[in-house]
Structure formats: structure tokens, C-alpha cells
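**Q** Dropping a prediction and its sequence here:
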Amino acid sequence: MRLPSLRAVGTEAKLLLIGIPVLIWTMLPLYHMFLFSISPKDSAFSGKLWPDHPTLHNFEVVLKQQHYYLSHFWLQLWNSLLIAVATGVFTLLIATFAAFAISRLRVKCGRLVMNLALFTYFIPAAFLAVPMYRTMGSYGLLNSQWALTLAMVTIATPYSIWVLKQSSDQLPVELDEAAIMDGASPMQLFWLVYIPLMAPALVAVGTYALLLAWNEYLYAFLLLSKDTSVTLPVGLGNFLAADDSPWELLMTTGLIYALPPAAIYYTFKRYMVSGLTAGAVKS
Amino acid sequence: MNDFTRRTLLQGGTALAAAGALTGPALFDFAKAWAQTAPWKAEKDAKLTLMRWKRFVPAEDAAFNEMVAAFKAATGTDMNVFSESFEDVQPKASVAANTGSGLDLAWGLHTLPQLFPTQVLMMNDVADYLGKKYGGWTDAAAATCKQGNNWLGIPVATIGGYLNYRKSAVDKAGFKEFPKDFPGFLEMCKALKANNTPAGFALGHASGDANSWLHWVLWGHGAYTVDKDDKVIINSPETMKALEYCKALSDTFIPGVASWNDSSNNKAFLAGELYCTGNGISIYVAAKDDPTKKDLAEDTYHALWPVGPVGHPTELQLCVPILAFKFTKYPNAAKAFIAFMLEKENFDKWLTGARGYLTHTLNAYDASPVWTADPKNYVFSQASKRALPASGIGTPGEKAATAIADFLVVDMFANYCTGREDAKGAIAIAERQLKRIYR
């Protein structure tokens, strides 16, 4: 067996020197959150690396809604799920049609639409929060889950159109021509040729929109108000209302809330990488 | 913080019964009769959206909800009530004020109505009606809500913070009664430390606890951030004396106070490590509600903040004013609701439900049953009377609120007490920051 060269060892060592601190930096807050979640209330702030008496009691309290602040835990989790899924579905629907029309049907002004889609990202989403609040107020949608869903779709759609358009540009145009020669209508072209070939990008974009809505705080805080209609991140904010906040329950709830996106990401990781980078480099 | 359990519900219900408060059908009958004679008749099909701060006592929440239901039944006003944490009330109210939509009523903290004086409905008639009927408003509450002669909001209550101490430790330190002046208080803290039963007050960014006790030290020495014309006057001999006093006090504290937040002293006191601190009634209530802390609850007492060299009380207490936006379509309903809240038949019950967390701002409620139901509650009845507005002697408003929110006074004391700066340096930093706010 050939021994690695000194240069290769040096490169590996440099990577480790960077990688290990980055790993610790990333994992430390997560570990801290986990540590709180398995610590009894009295020892949550003990500063130990592992609690003397680890417990799952906090999970029981959260899942059974046994604390005052958690009385709507399942409902708020459901609200998060509903809004995230609705955002994913609506974003996919709009972005797919738009990308198909621009890329495959080559509608007039398609390029302008693409540029406008990109332009929206020049304005940070936070700047649009107050105008969005006013708009939703004008339509009587404040404190309705439609308000947050529509706001999230508005934010997610431009990027999704851009990604899907780039991705669909990669598909050979000959496929469309062959289908048209066989008498396919634009809708048949869309359903029977375009959608199956775009599956990886669609999964990626759908996941992106879903996670965007799942993790949203600012818009959820502004547009939703009642305990029964807010999403869980906003509900978690209420934990900080007291001068003796139950941090161990806050962290436990946070940990539970972080699990679905992690599962979704790792399930669709393959599609996320290939879908979101499709078209990034011209072949 | 308490879990919302059957036990706490029963406790709340028992307390309300003891208070002789109206409940159920009697409350509805009162509400209907009140609506017939009230100076404000709710508009037909009125709908009010009210944002309030997040309740921290379930019984207070229950009493408030019952009051809302009675008002709704009596006036036909559709009430949409939701709550936000303290920190979130102001931004959401600001968005509503600036967009002219979303809320009719906002119930927040400190000087909230002063932040958008042109966007609020004047409450002069409501303040006049309630003031005349219930013995007048406390000075601090009135100053918090008034601009000139106009009432921008109604100061519903004050969240009081006072000294929580272990009587056994104070007795052992040789003090038969809690000191009433600054030198006596310092001597007591020294004695507590000598007995290994230390006091401790937050020097970190604890919004409620640190701001309240350090403003008390500052104002007690006759020092203020700004004068009545809002000119920055922090750089004064009085401030220097306040710093020296605070340094001497902090030398007696339990270690770690420089990093304390609002929950730190609660935890330390309930864990039996801390024997005197400044806090709301929450420590005592938490101890009372925990069967394992019966002895600690019995040994816990409350005291007024001692009076400083200026010779009169100088306390910073947290006012909770309510305002109505002028863009509301239902101004009469909004005014009627606010007046209804503070009527004796509702307010006594609500105060009782709050278990001492909340203090009245109308003088007639000195006689409210909550202050005698448990003698240890009484101290908190003084919160609004002994307080100065959040601006001290300056103008209540956004600038004063910013100075508090940015912990300028807290940091000045912390910088000196922890040795990060000398006294002149600590004052200079605060002065520079204050001038930036008040320019």
C-alpha cells in the first residue's frame, strides 16, 4: 500500500482544522437544545455537559399539552403543517405553469417576467412585511391562515419560477416537437411530457417552499394573532412572556419542531441538490 | 409561571368568591344595566379587535375573558381579543398605527400611547368619568398617559416590583424590620452577606428587574437622565453618588448578578440561594403554589423600596396602559369597553384574579379585597402611588422608552460595578448615548 504524500496529509489536516471547529460551532446550539430538553427544570441551567438525571418528562409535558403555554401545541403544529403544505402546493402550481409557459411555450414577455422574478429579491422580505400587513388588512384577511399562506407563496414563487425555468431549459426541445408532431395539445405536453421529466426539480422547489413557510416567524407573527390560529414558532415566542420562562419546555418544543424539516431535507436531499442546481451551469 | 391546572382554577374561583365578585348571570345583569346608562353607546354591529399583553396568571385571564363576554352580551359588540408577549405588543401596535388597520384597541406597556399620539383616540371623557367615580388617578399613571391636558390612553394597571426577602435571614442579620432608607438597606445587605445569606439584584439586561432597581437607586439620589425639558443631565454629582452607593451594594451581592436576566433571581430565590431581591409577586406566588416550597413561602415577605436621600419614593414601576386607535370604526364601543373594564364590579374581580401581580391606578381601589386577602400582597398595592413615570422627571414618550429599552442606566451602573469603567467613564458613555436619543 502506498503511503499518502506529505502534501496530501497537509491538505487533509487543513480541512480537518477548518471542519472540526465548524462542526462544533454548528452542533453546539443543537446539543444545547437537546440537553435542555432532557434536563429536569431544576437542573436545566446547571451548565453540565450531561444532566445527572436525564428525563423524557419534558417531552411528555409538551406532547400532552400539560403546560399553560402549550395548551394549543397540537393545533399550532397543525397550523404550521397546513400553511407549509398549502404554500408548497400553491407555489408549485404557479411556478410550474409559469416556468412551462416561459421556457417551453415561449410566451411573449417571458424574459421580462423572469427578470422581474429575480428583481423581487433585491428587496428583503422583511421590508415587505408592513405593506403586506396593510394589503391583507384591506382584503380582510388579517388573522386568517390564508394571509400567511398567500404571503409565503408571494415570497417563494419568484425564486421557484427561476429555478424551474432554468431546469426546464435543460430538457431537449426535440421532445416537445415529437409530442406536437404526434398531436399533443399544450396541456398534454405539460402533463405527459413536461411534468414527469421535471420531477426532481419539482420536489426540490416544493420542499424549498414548504420549509420556507415552516420556518417563517416575522410574517406569521404579524399576520396571525389568535392562539388558535398562529403557527408553532409564534406560539413559542409566548414562552418569553414571563420572567421565569420554562426554558426546558421551550427547547423541547423547539427540538420537536426541528425534526420534520430535518426528516424532509434528508429524504429529499438528492432532489434538493440536483433540482436547485439544475441549469446553474450550461452544458 | 404557573401551570393552568384544576388546582389553580379552584384557587382563583375561591379567591373571587371571597372577594364577593360578580360572576355568571349576576355579571351579565350588571353589564346589561351598565350598558343602558353608560355615557358611551356602542355602535350597532360594532366589532372590536383588541391586542393585549400575554397574561401570566390564569385566574386573571379567566376574569378578563368573563368581562369581555359580559360586555359582548350587553352591548352586542363582537370582541376579537388576542394576546402577545410583552416584547411583541409594541411592534405590532406600531404596525397597526402606521398602516391604519388591524387593531381597534392596544393594551401595552410603559408609554405606549405616547409613541403615536396622532394616531390615538383621545380618552379625556373616559379618564374624567373614571377619575371622578373612583377617587382620581395616581400621578405616575396620569403622567404616563397624558400629553398636555389630553389623555392618549387609559392607565389600566401597574405591574409592581418590590423587595422580596426571607424574613428569617433578615431577622438573623439583626434587623427587626426592613430598612426604610438607603444607608439602612446597605447595612442590611452587608449583614446578609456576612451571614452567607446574600442579597442579589440583576446587573445584566433584565428588562423589568434591572431597570426598576437601578432607576430606583439613580432617582433616589436625585439624579435623572434628563430634566423636565428633556435636556440630558446624567453627568451630575448625584449620579456619582448613586454609582458609589450601587457599587457598595453590589459588593454584597451573590456572585453572577452581572449576567442575570429577569428569571435569574426567581430561580435563585426559589432554589434557596438568594435571600433578598427586587421582583414582582411572582416569586411568592410560585412558592405558594408549589407544595414542596411551603416553608419558603411562609418565610418570604415583601417590603417597599427604601427611600433615598431625596426624601420621597422614587420607584420605576411598569404601567400597562390601553389605547384606542383613531381609525377605529367604533370609537364609542372602544370607549365603553375601556370604561367597563375599570368599573368596580369588573375591576375588583380582575385584580383578585391577578393575585397581586397587578396594581390599580385609580385610588378607590386601595380598598380592593386582593390587598387584604393575603397580608403579604399589601406592599404591591402601593406600586402606582410610589412610582415616577418611566421618563423620571422628563417627558414620557418614545425617547424615554428607548433609553429604558436600550438599558442605558443599567449599563452605566453595571460598567462601574463590574470594574469595566471608572465612574466618569461609565457616566460619559451613558451621557453620549442619551444625547444621541434626545438630540
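**A** Structure's in. What do you need?

**Q** contacts and neighbour counts: CA atoms only from here.
**A** Noted.

**Q** Close to chain A: what parts of chain B are there?
**A** Within reach of chain A by CA under 8 Å from any CA of the partner chain, chain B has these residues: B:1-4, B:54, B:56, B:81-87, B:92, B:95, B:99-102, B:262-264, B:266-267.

**Q** Look at whatever residue of the stretch 251-400 of chain B ends up closest to chain A and report its pLDDT.
**A** Going by CA to the nearest CA, chain A is nearest to residue B:263 of the stretch 251-400 of chain B, at 4.4 Å. Note for residue B:263: predicted pLDDT of 82.

**Q** pretty sure residue B:364 is in contact with residue B:138, am I right?
**A** No: with contact defined as CA atoms under 8 Å, residue B:364 does not count as touching residue B:138 (10.4 Å).

**Q** who has more neighbours, those two?
**A** Using other CA atoms under 10 Å in any protein chain shown, the more surrounded residue of residue B:364 and residue B:138 is residue B:138, with 19 against 15.

**Q** how many neighbours does residue A:24 have?
**A** For residue A:24, the tally of surrounding residues (other CA under 10 Å) stands at 12.

**Q** Pretty sure it sits in a helix.
**A** Yes: the assignment for residue A:24, made by DSSP: H, G, I helix; E, B strand; the rest coil, places it in a helix.

**Q** Check whether stretch A:144-159 comes into contact with chain B.
**A** No: counting by CA under 8 Å from any CA, chain B is not contacted by stretch A:144-159; separation bottoms out at 11.9 Å.

**Q** Could you list the buried residues of that stretch?
**A** By neighbour count on 16 or more other CA atoms under 10 Å in any protein chain shown, the buried set for stretch A:144-159 is A:144-159.

**Q** what does stretch B:78-88 give?
**A** Residues B:78-79, B:81-88 are the ones in stretch B:78-88 that count as buried (16+ other CA under 10 Å).

**Q** distance between that stretch and the chain's centre?
**A** Relative to the mean C-alpha coordinate of its chain, stretch B:78-88 is positioned 18 Å out (CA atoms, centre = their mean, to the nearest Å).

**Q** what is the mean pLDDT for that stretch?
**A** pLDDT averaged over stretch B:78-88 gives 86.

**Q** same check, this time on stretch A:117-126
**A** 84.

**Q** In helices only, show me the buried residues of stretch B:78-88.
**A** Among the buried residues of stretch B:78-88, DSSP state H puts B:86-88 in helices.

**Q** which one of those is nearest residue B:282?
**A** Checking these against residue B:282 with CA to CA, the nearest one is residue B:86 at 16.0 Å.

**Q** returning to what we had before: which two from the buried residues of stretch B:78-88 end up farthest apart in space?
**A** Taking CA to CA as the measure, the buried residues of stretch B:78-88 span a maximum distance of 26.9 Å, between B:78 and B:87.

**Q** Going along the chain, name the helices of the stretch 151-283 of chain A.
**A** A:173-181, A:186-188, A:195-214, A:218-223, A:232-237, A:247-267, A:269-277 (DSSP state H, counting those that start in this stretch).

**Q** Of the ones you listed, give the one that comes closest to residue B:439.
**A** When the helices of the stretch 151-283 of chain A are compared by CA to CA, helix A:218-223 sits nearest residue B:439, at 31.0 Å.

**Q** and the closest one with chain B, contact?
**A** Yes: judged by CA under 8 Å from any CA, helix A:218-223 comes into contact with chain B through residue A:222.

**Q** Give the rounded mean pLDDT of that helix.
**A** The average pLDDT within helix A:218-223 is 94.

**Q** Contacts for that helix next, please.
**A** The contact list for helix A:218-223 (CA atoms under 8 Å, 6 or more residues apart in numbering or on different chains) reads A:126, A:129, A:133, A:136, A:142-144, A:147-148, A:151, A:230-231, A:234, B:92.

**Q** In contact with the residue nearest the centre of chain A, which residues?
**A** With distances taken as CA atoms, centre = their mean, the residue of chain A nearest its centroid is residue A:211 (1.6 Å). By CA under 8 Å, 6+ apart, the contact set of residue A:211 is A:84, A:261.
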